[in-house]
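Trainee: sequence and computational prediction follow.
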Amino acid sequence: MKHATLRQLKVFEAVARLLSFSRAAEELHLTQPAVSTQVRKLEEHAGNALFEQFGKKIYLTPAGTELLQISRAIIQQFEAAENAMLQFNGVSGGKLNVGVISAGDYFFPRLLVEFASRHRGVTLNFTVHNREGLMTHIAENLTDLAIMVRPPTDLDTVNQPFAPHPYVIVAAPNHPLVGVPRIPLNRLMREPFVVREKASDTWHSMEEGFGGDLSGINIAMEIRSTETIKQAVIAGMGVSFVSAHTISQETRAGSLRVLDVQGFPLMLNWYVVHRRAKRLPPVAQAFKDFLLADGPTLISQIVPFESASQGTPQS
């Protein structure tokens with residue numbers, strides 16, 4: 001193992017965590033052949049197979065399971081050393097590691113650009129996940145800050161709300177409920193729903209919006225992609241519960257309409273989350289302060305919220 005490289009260990013860790021060469025390649029911004037090559041070289045250094053394949057699925061071998069724990073410890077030690085050195089750089093020249101759930105993908109890059117414009121020389125490492133993936137990144141110390149709607153309850157984290165996050169019910173423009181005032185929930189629940197997967201933040205928020213019980217929902221389709229959900233609703237497959245921050249373009253264009261449902265919009269919050277024991281690098285602390293101070297105003301400008309009752313964006 002003396003000739004193994006940190007790059008090989010990082011590639012191996014990603015494949016082992018995702019149990020997929022293609023998904024690891026996407027996360028690492030590499031080609032799948034490049035990922036396979038790095039893993040093969042590491043196996044040569046280790047003198048053991050690290051993965052085995054049954055059908056289309058891959059699994060860690062016993063040697064791979066053992067090496068995974070060691071690899072993570074090595075990677076964390078390198079990150080600790082990097083963070084320690086960054087303390088001397090201050091904010092400028094620091095590296096910001098931040099992960100966000102998929103609904104934040106609609107505005108978060110512009111927040112990062114604004115932050116970077118105020119702090120020249122900052123390096124940005126920005127990743128987008130579903131809830132499960134982001135929870136893994138928090139638990140395994142793979143990100144400095146996490147941006148989400150529902151902070152973890154089984155980890156010792158600091159969770160600070162920094163901006164409102166409205167959820168609404170949307171439909172195609174020609175849906176019969178468009179324009180109907182104060183639609184009761186029991187009437188809405190007869191409609192076919194296009195929903196996010198049950199492990200997602202959106203699903204859990206939807207549970208809250210419907211009083212904790214979704215057993216009466218008429219689920220027409222379950223989809224992991226918000227973009228695909230919007231297209232399904234536009235096509236007339238049903239209504240959907242979505243983050244208002246994901247539909248600003250469609251409501252402005254008129255391809256989606258927000259329904260006037262009793263109890264909606266459901267107003268939740270965006271949270272910035274990090275492990276309580278984590279010593280935030282100066283750049284991460286500066287970004288957290290930036291979100292708490294300027295996040296609400298900037299988000300309302302980037303993705304203005306249009307309610308069914310107003311018909312015009314809120315800012």
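Mentor: Okay, I see it.
Trainee: can you give me the strands in the chain?
Mentor: For the chain, the strands defined by DSSP state E cover 51-54, 57-60, 95-101, 123-129, 145-148, 157-171, 192-195, 218-222, 240-243, 257-258, 266-275, 305-306, 313-314.
Trainee: in the second one, which residues are buried?
Mentor: By neighbour count on 16 or more other CB atoms under 10 Å, the buried set for strand 57-60 is Ile58, Leu60. C-beta here means a position set from N, CA and C on the backbone, and glycine is covered the same way.
Trainee: who touches that strand?
Mentor: Val15, Ala16, Leu19, Ser20, Phe21, Leu50, Phe51, Glu52, Gln53, Leu68 (CB atoms under 8 Å, 6 or more residues apart in numbering).
Trainee: let me see the domain layout of this protein.
Mentor: What automatic domain parsing lists as the domains of the chain is 6-84, 91-163+269-302, 164-268.
Trainee: need these in CSV (columns: mean pLDDT).
Mentor: Formatted as CSV, the domains of the chain follow (pLDDT from 0 to 100):
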stretch, mean pLDDT
domain 6-84, 92
domain 91-163+269-302, 91
domain 164-268, 93
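Trainee: quick check: His137 touching Phe126?
Mentor: No. Using CB atoms under 8 Å, His137 is not in contact with Phe126; the gap is 11.9 Å.
Trainee: now the common contact residues for these two.
Mentor: In contact with both His137 and Phe126: Gly99, using CB under 8 Å, 6+ apart.
Trainee: thinking again about what came up before, let's see which of the contacts of strand 57-60 end up in helices.
Mentor: Among those, the members falling in helices (DSSP state H) are Val15, Ala16, Phe21, Leu68.
Trainee: can you show me the helices along this protein?
Mentor: Under the criterion DSSP H, the chain contains helices at 6-18, 21-28, 32-46, 62-86, 108-118, 131-139, 185-188, 201-209, 226-234, 248-253, 282-302.
Trainee: count of residues packed around the residue lying closest to Glu13 once chain neighbours are set aside?
Mentor: Once flanking residues are discounted, Glu13 sits nearest to Ser71: 5.0 Å by CB to CB, 6 or more residues apart in numbering. Other residues near Ser71 number 22, with proximity taken as other CB atoms under 10 Å.
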